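Student: coords please:
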Amino acid sequence: MSNSTPLNARPEAPAHVTPCKSQCRRLRLGVQRTICAILMRSILLLATQFAVTSATSADEPVKALTAQETAAEIDRLFDDAWKKNGIEPAPAADDSEFVRRLYLDLAGRIPAASETREFLARTSPDQRSELVEQLLDGPAFVRHFTIIWRNALIPQAFNEPFTRQLVPGFEAWLWKHFSEETAYDQIVRELITTPIDFGNDPQAVLTSASSPSAFFIVRQLQPENLATGTSRAFLGVRLDCAQCHDHPFDKWKRNQFWNMAAFYSGFKPPEGADPDNPAMMMNMKESLQSRSIKVPSTGDVVPAVFLTGAEPAWTESSVPRQVLADWVTAKDNPWFAKMAANRLWAQFLGQGIVQPVDDFSDNNPPSHPEVLNLLAAQFAAHEFDLKFLVRTITATRAYQTSSRQTHASQSDPTQFARAALRGLTPEQFFDSLAEAIGYYQPYRTDNPFVIDADTPRGRFLELFRDETESPLLKETTILQALAMMNGDFVDNATTIEKSQTLRAVADFPLMSDEERLETLFIAALSRRPTESEKVTFGKYIADGGTSQNPQEAMTDVFWALLNSSEFLLNH
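Tutor: Numbers count the residues shown, from 1 in each chain. Below is the predicted model of the structure:
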């Protein structure tokens, strides 16, 4: 039986059937190969990412993007965050809202009526960025930024008559650098290293026409005060609570506080000097080789060490404050660029990505770390150009949104889904009021920052001075409200006889009542009246108001506009 099959022979499987054992073996091999391939791809991907990260951080500088490119990337990051959190951002601000906001932020005042009309008449698709450039090139920007940074660096200067004398010289020093567009790191370096030598004429420092010495003198030249002042102003690190003991809520240790103070240990008062006597500072000398300090509470002597824990590479010629300045302003400093970017973000949007702006800590993380990292990296890539930050921030969607809340999800200020309502600084307030009413402000020609206290501006700044750090928390006192409603300056400014704006509007024969009303709105609020406002105010003026006099009715309307929350806020 040649065709018979032996009893012990294995029957052949059909061509379409695979034996179970062979199938399992092949399946197992296939799975193993697939897993190996996946693992290899993962390993290669991780290796590639590590190589790219290492090359970028260690070997290759960050690619410098334009302000518009950086703003577009920030918009993308916010768009992702808003979608993730179910937030519907507010619509874009209209041109009237934008022009008022930008003038307040870059020029420190509202726009003149002619400037508003000019902007509203433009048709260029780039008119907003063009206005940014126009204001950045003007003297008003330099003056406004001088006031901003004076408030940031010597906020306590107005507390004592003695230190008030230092303010004009400090402002003139800032003015010089902002006029020359000095890089931010160079400004900070010069401040930290500025020579403090009273010599034979101690009053010379107080009357200096241009000097950053106020940063040191308002802190009594005490190493511990200078350590906290430097770390907060330029690094956003609050060391205060670590002066006497380890910080109870942060990572900073007592010795780290005094390590930082040791860079300023060269300032030592004369023997037997009274530390509470301001005149003591006039006799203080600085040792340029002092690199350690005694901790008062323990008696330990600690060396000057950076906050990162790194020790300086000292040489015989090293000067401690210069060594500190090099480290503070370095591009690889973990806080310097972020702090500056965060401060300007808060200046333009009312709240920092880290809030408070000078409280970078593990317990206070940034609300949008990717945005802050991008801003800081690009700020450093552009050689610490402050105007680059201004161009970038003002071009973002977050800055250009309307302040009108259109959705419940916009209520959280940390999400930047709508523009914040911000209180004005005293300087913004008075200068905007002066612009609206047509008041001419005389300045001293020898130093424009010396303000005579017995002038409308001087009295106004003193009354409205506010030490609140956040513009979102500014409140109007009863005295301030009374000054706006019944004070001599505002009262005079809203009379036909003494208001240049009102007199020009009332006396111009070719204007209709509707055009007069529009001019008052544009002068005070930088916008045209709505249809309902035209009807309401137009009827009031036509009827002559309470005095049956149309001109007097116009003064009532102007007074109401100047006392409205729309005028009193940056929105």
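Student: end-to-end on stretch 409-423?
Tutor: 23 Å (CA to CA, to the nearest Å).
Student: outside of that stretch, which residues touch it?
Tutor: With CB atoms under 8 Å, 6 or more residues apart in numbering as the test, stretch 409-423 has contacts from 78, 81-82, 85-90, 93, 101, 349-351, 355, 367-368, 398-399, 401-407, 466, 468, 471-475, 568-571. All C-beta spots, glycine's among them, are computed from the backbone N, C-alpha and C.
Student: For the protein, just list every one of the strands.
Tutor: Assigned by DSSP state E, the chain shows strands spanning 267-268, 285-286, 292-294, 301-303, 422-423, 569-570.
Student: thought Ser403 was touching Ser565?
Tutor: No: look at Ser403 against Ser565 with CB atoms under 8 Å: they stay out of range, at 11.4 Å.
Student: Of the two, which one has the most company?
Tutor: Ser403 (18 against 9; other CB atoms under 10 Å).
Student: how close does the closest residue to Leu104 other than its chain neighbours get to Arg100?
Tutor: Once flanking residues are discounted, Leu104 sits nearest to Asn570: 4.7 Å by CB to CB, 6 or more residues apart in numbering. From Asn570 over to Arg100 the distance is 8 Å, taken as CB to CB, to the nearest Å.
Student: Could you report the neighbour count for Ser129?
Tutor: Counted with other CB under 10 Å, Ser129 comes out at 16.
Student: Next up, the contacts around Tyr184.
Tutor: Ala340, Phe379, Phe384, Asp385, Leu386.
Student: so the residue nearest to Leu104 sits right up against Gln428, yeah?
Tutor: Yes: with contacts counted by CB under 8 Å, Asn570 reaches Gln428, the gap being 7.4 Å.
Student: what is in contact with those two at once?
Tutor: Common neighbours of Asn570 and Gln428 (CB under 8 Å, 6+ apart) are Leu104.
Student: Generate a PyMOL selection restricted to the buried subset of the contacts of stretch 409-423.
Tutor: To isolate in PyMOL the members of the contacts of stretch 409-423 that are buried, counting by 16 or more other CB atoms under 10 Å, one can use:
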select buried, resi 78+81+82+87+89+90+93+101+349+350+351+355+367+368+398+399+401+402+403+466+471+472+474+568+569+570+571
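Student: where along the stretch 101-250 of the chain do the helices fall?
Tutor: Per DSSP state H, counting those that start in this stretch, the stretch 101-250 of the chain carries helices over the ranges 113-121, 127-136, 139-153, 161-164, 167-179, 184-193, 203-207, 214-217, 223-230.
Student: Tell me which residues are up against the fourth one.
Tutor: Surrounding helix 161-164, the residues in contact under the criterion CB under 8 Å, 6+ apart are Ile154, Gln156, Ala157, Phe158, Ala214, Ile217, Val218, Pro278.
Student: Counting neighbours, what do you get for the fourth one?
Tutor: This points to Phe158. With other CB under 10 Å as criterion, Phe158 counts 16.
Student: what do you get for the one 4 residues further on?
Tutor: For Phe162, the count of nearby residues is 14 (other CB under 10 Å).
Student: cool, and Gln289?
Tutor: Neighbours of Gln289 using other CB under 10 Å come to 11.
Student: for it, what are its contacts?
Tutor: Gly266, Val319, Pro320.
Student: The second one contacts Leu288, doesn't it?
Tutor: In this case it means Val319. Yes: counting by CB under 8 Å, Val319 touches Leu288, with 5.1 Å between them.
Student: Of the two, give the one with the bigger neighbour count.
Tutor: Val319 (16 against 13).
Student: mind checking how far that one is from Asn255?
Tutor: Val319 is 23 Å from Asn255, by CB to CB.
Student: got it, and Pro212?
Tutor: Remark: distance between Pro212 and Asn255 (CB to CB) = 29 Å.
Student: and these two? which has more neighbours close in?
Tutor: Taking other CB under 10 Å, Pro212 and Asn255 do not tie; Pro212 has more neighbours (23 against 16).
Student: tally of neighbours for the residue nearest to that one when sequence neighbours are not counted?
Tutor: Take Pro212 and drop its neighbours on the chain: the residue closest to it by CB to CB, 6+ apart is Leu191, 4.5 Å away. Applying other CB under 10 Å, we find 22 residues neighbouring Leu191.
Student: what residue is smack in the middle of this protein?
Tutor: Centroid-nearest residue in the chain, with CA atoms, centre = their mean: Leu344, separated by 2.0 Å.
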